[in-house]
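Enquirer: any chance you could fold what I've pasted below:
(one chain, ligands or ions: 1)
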Amino acid sequence: MVGFKFMGKAHSHAYRDLPFFFDTDVEPVLQMLVGRDQNTVRLAAEKLGWLSYETDWRRLLERDDINVIDIDTPNGSHAEIAIAAAKAGKHVLCEKPLAMNALQAKEMWKAAEQAGVVHMICHNYRFAPAVQWAEKLIQEGVLGDIYHFRAQYLQDWIMDPEFPLVWRMRKEVTGSGTLGDLMAHSINLTRFFGREIREVSGLLETFIKTRPVGEMSGGLDAAASSGAVADVDVDDAAAALARFENGAVGVFEATRFAKGNRNGNRIEINGSKGSIRWAMDQMNTLELYLENDPLGIQGFRSITCTEGVHPYAGAYWPAGHPIGYEHAFINLMHEFMRGISGNGGNPSPSFEDGYPNQVVLEAIEQSVTAGAKVAITY
Ligand code: SOE
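Expert: Sure thing, here's the model as predicted:
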């Protein structure tokens, strides 16, 4: 695994806990952790349970006892590592957004496909049982024809103008701000629900134009690293209107400036027969409205997706016992390992899904530059 901060911790935990909950033909061995600084990577390897550590990711390519490379680095290095990994015959899991732009994403997808390795992108929210259940209901036609996808991803962790300019706010390293970091998750969810976007119109805003230079210190905390101040060149907030291939319309909003919203990832879908709502704050709950309910008792019902019938829920605890943020990563790793053992085909979301996601993100940026809506072809 390359990288060991927020996502590195989530992935390490998932690999370690996977055999605890799932019967699996392929059991992960945490062979080698890579980070740039010798001392910090050593400490991280000890804490997260890795057997060895290195400061150059290319070492991973040379080792025959390494079959999988997991990329948890800032977005700018995803393509180089993923393509090299695939060419070396290693299965690849990559954090989102897949790449810096659509072209890079396509190259990554093609490299993985040509090498015949299993490839997956880490859209963890897709693996909440309630989200999986929503997808099943939609595919079964329970909502009827879909008219609206409404997605918000709201955070507030950089609102202080003194919050340092970290890699997540440097275009050269991250590609975009809230667009790739947050809206990419929402686009992934709507694509999971089976719809491709054909046209977008976007809006981007940067509220705080300069910040003290700094570095992430873990989680979403950061510390100023010098007295220097630099320009912020990515979006603090993003919005997009979208038309889907089936005629549905989408409204997407992503921001790091919505006070009080720590990780407000929400989605609502309205169809001809009913509606669904899901929010990460109550990740085990799916709200469902059905028009066929008798008049007088119609209303959104709350389905607690902790029954054996709900995807993945049965792997954990008896009915009614909730799971959390980290378990969605375990569910995702379970699919990744099933792909590697040959029992699940190439799991989704794969690099093949990362590419259209990146096309949509890029089209939103193009629409902002052009001041016009942009038609999308994949
Ligand atoms: C930071 O905004 C972040 O960690 C994202 O990078 C993740 O994808 C999201 O799940 C939580 O917030």
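Enquirer: domain parsing for this structure?
Expert: For the chain, automatic domain parsing gives the domain ranges 6-125, 129-282+284-323.
Enquirer: any chance of TSV for the ones you listed, columns distance to Ser348?
Expert: Just so you know, the C-beta spots here come from the backbone N, C-alpha and C atoms, and that holds for glycine as well. Converted to TSV, these look like this (distance: least, Cβ to Cβ, whole Å):
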stretch	distance to Ser348
domain 6-125	8
domain 129-282+284-323	8
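Enquirer: out of the ones you listed, nearest to the ligand?
Expert: The ligand lies closest to domain 129-282+284-323 among those, at 4.6 Å (Cβ to the nearest ligand atom).
Enquirer: hmm, the closest one in reach of the ligand?
Expert: Yes. Contact of domain 129-282+284-323 with the ligand (Cβ under 6 Å from any ligand atom) involves 155, 181-182, 185, 220, 263.
Enquirer: out of those, which sit inside helices?
Expert: If you go by DSSP state H, the residues of domain 129-282+284-323 next to the ligand have His185 in helices.
Enquirer: most neighbours, which of the residues of domain 129-282+284-323 next to the ligand?
Expert: In terms of neighbours by other Cβ atoms under 10 Å, these top out with Leu182 at 29 neighbours.
Enquirer: who's in contact with it?
Expert: Contact analysis of Leu182 by Cβ atoms under 8 Å, 6 or more residues apart in numbering lists 153, 155, 238, 254-256, 265.
Enquirer: quick one: which of those residues sit in strands?
Expert: 153, 238, 254-255, 265 (DSSP state E).
Enquirer: in a markdown table: these, plus neighbour count.
Expert: Formatted as a markdown table, the ones in strands among the contacts of Leu182 follow (neighbours: other Cβ atoms under 10 Å):
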| residue | neighbour count |
| --- | --- |
| Tyr153 | 27 |
| Ala238 | 28 |
| Ala254 | 30 |
| Thr255 | 25 |
| Asn265 | 23 |
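Enquirer: what two of those are the furthest from one another?
Expert: Farthest-apart pair in those is Ala238 and Asn265; separation 14.2 Å (Cβ to Cβ).
Enquirer: what's the closest of the contacts of Leu182 to Val142?
Expert: Of all the contacts of Leu182, Val142 sits closest to Asn265, with 22.4 Å by Cβ to Cβ.
Enquirer: for the closest one, give its distance to Ala86.
Expert: 30 Å (Cβ to Cβ, to the nearest Å).
Enquirer: picking up where we left off before, now the domains of the chain as JSON lines including distance to Lys373 and mean pLDDT?
Expert: Output for the domains of the chain, formatted as JSON lines (distance: least, Cβ to Cβ, whole Å; pLDDT from 0 to 100):
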{"stretch": "domain 6-125", "distance to Lys373": "18", "mean pLDDT": "97"}
{"stretch": "domain 129-282+284-323", "distance to Lys373": "4", "mean pLDDT": "97"}
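Enquirer: those domains: which one's closest to Gly354?
Expert: Distance to Gly354, taken as Cβ to Cβ, is lowest for domain 6-125 among those, at 3.1 Å.
Enquirer: ok now the closest one, how far from the chain's centre?
Expert: The chain centroid and the centroid of domain 6-125 are separated by 15 Å, computed with Cα atoms, centre = their mean, to the nearest Å.
Enquirer: ends of that domain, what's the gap?
Expert: Using Cα to Cα, to the nearest Å, one end of domain 6-125 lies 15 Å from the other.
Enquirer: sec struct for the closest residue to Ala79 other than its chain neighbours, please.
Expert: Residue nearest to Ala79 in three dimensions, not counting chain neighbours: Gln104, with 4.5 Å by Cβ to Cβ, 6 or more residues apart in numbering. Judged by DSSP: H, G, I helix; E, B strand; the rest coil, the three-state class of Gln104 is helix.
Enquirer: what sits against Gln104?
Expert: 78-79, 98, 358.
Enquirer: before we move on, the earlier item: what's the most distant pair in the residues of domain 129-282+284-323 next to the ligand?
Expert: His185 and Leu220 (15.1 Å).
Enquirer: need the longest helix for the chain.
Expert: Identified as the longest helix of the chain according to DSSP H is helix 351-370.
Enquirer: helices of the stretch 251-378 of the chain, start to end?
Expert: 325-341, 351-370 (DSSP state H, counting those that start in this stretch).
Enquirer: extract the C-alpha trace of the first one and format it as PDB.
Expert: What follows is helix 325-341 as a C-alpha-only set of coordinates in PDB (Å, rounded to 0.1, in the frame of the first residue of the first chain):
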ATOM      1  CA  TYR A 325     -18.100   4.200   8.300                       C
ATOM      2  CA  GLU A 326     -15.200   1.600   8.400                       C
ATOM      3  CA  HIS A 327     -17.500  -1.300   7.500                       C
ATOM      4  CA  ALA A 328     -18.300   0.100   4.000                       C
ATOM      5  CA  PHE A 329     -14.500  -0.200   3.300                       C
ATOM      6  CA  ILE A 330     -14.500  -3.800   4.500                       C
ATOM      7  CA  ASN A 331     -17.500  -4.600   2.200                       C
ATOM      8  CA  LEU A 332     -15.600  -3.000  -0.700                       C
ATOM      9  CA  MET A 333     -12.400  -5.000   0.100                       C
ATOM     10  CA  HIS A 334     -14.500  -8.100   0.200                       C
ATOM     11  CA  GLU A 335     -15.600  -7.500  -3.400                       C
ATOM     12  CA  PHE A 336     -12.000  -6.700  -4.400                       C
ATOM     13  CA  MET A 337     -10.800 -10.000  -2.800                       C
ATOM     14  CA  ARG A 338     -13.600 -11.900  -4.500                       C
ATOM     15  CA  GLY A 339     -12.400 -10.400  -7.800                       C
ATOM     16  CA  ILE A 340      -8.900 -11.600  -7.100                       C
ATOM     17  CA  SER A 341      -9.900 -15.100  -6.100                       C
END
